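A.B. asks: Structure, please.
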Amino acid sequence: MKVTITRPWGNYTVLAKSKDFLIKKIIVNPQEVLSYQSHDHRSEHWVVIEGKATVIINNKTYYKVKNENIFISKKAKHRVLNESKTKKLMFIEVQTGTKFLESDIKRYSDIYGRSK
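C.D. replies: Numbering: from 1, shown residues only. The predicted structure is shown next:
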């Protein structure tokens, strides 16, 4: 059974996991943003399925649309924004590395007041 986890910016569902990878479907609601964060134990590869993603990696901005992808290396500071006023952003996240834990999130800024 796949469980969807709700977050202030939208939600995610784990689609598959093993000791070598974790795959999530992530939905970002209109005009929402994830925290500016990094990970010590994993890298991430994002593929946009629906909507437009504004991706910030180490203070550089990239714009990605359906069928485009972007790679976030381990320890890179990153975030994604959905700047649309009406449309959701959906992307698939493939994590590779040694640990796939929510505790492997180091937050630098978060509009929802979350820390760590």
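
A.B. asks: Which strand or helix spans the nearest residue in space to T4 that is not next to it in sequence?
C.D. replies: Distance criterion Cβ to Cβ, 6 or more residues apart in numbering; nearest residue to T4, sequence neighbours excluded, is T13 at 4.6 Å. Glycine gets a C-beta too; all of them are placed from N, C-alpha and C. Element membership for T13 (DSSP states H and E) is strand 10-17.

A.B. asks: So for that strand, mean pLDDT?
C.D. replies: Mean pLDDT, strand 10-17: 97.

A.B. asks: Listing partners with orientation, what would you give for that strand?
C.D. replies: Paired with strand 10-17 in the same sheet, following DSSP bridges, are strand 4-7 (antiparallel), strand 21-28 (antiparallel).

A.B. asks: Give me whichever of those strands is most buried.
C.D. replies: Greatest average neighbour count among those goes to strand 21-28 (a mean of 19), per mean count of other Cβ atoms under 10 Å.

A.B. asks: Any chance you could list what contacts it?
C.D. replies: 9-17, 34, 42, 49, 51, 53, 80-82, 88-96, 100 (Cβ atoms under 8 Å, 6 or more residues apart in numbering).

A.B. asks: if you set the cut-off to 6 Å instead, what comes out?
C.D. replies: 9-16, 82, 88-96, 100 (Cβ atoms under 6 Å, 6 or more residues apart in numbering).

A.B. asks: Now do the strands in this structure.
C.D. replies: 4-7, 10-17, 21-28, 36-38, 42-50, 52-57, 60-65, 69-72, 78-81, 89-97, 106-109 (DSSP state E).

A.B. asks: Rebuild those strands as JSON lines, extending it with distance to S115.
C.D. replies: What follows is those, written out as JSON lines (distance: least, Cβ to Cβ, whole Å):
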{"stretch": "strand 4-7", "distance to S115": "15"}
{"stretch": "strand 10-17", "distance to S115": "20"}
{"stretch": "strand 21-28", "distance to S115": "21"}
{"stretch": "strand 36-38", "distance to S115": "11"}
{"stretch": "strand 42-50", "distance to S115": "20"}
{"stretch": "strand 52-57", "distance to S115": "19"}
{"stretch": "strand 60-65", "distance to S115": "25"}
{"stretch": "strand 69-72", "distance to S115": "21"}
{"stretch": "strand 78-81", "distance to S115": "15"}
{"stretch": "strand 89-97", "distance to S115": "22"}
{"stretch": "strand 106-109", "distance to S115": "6"}
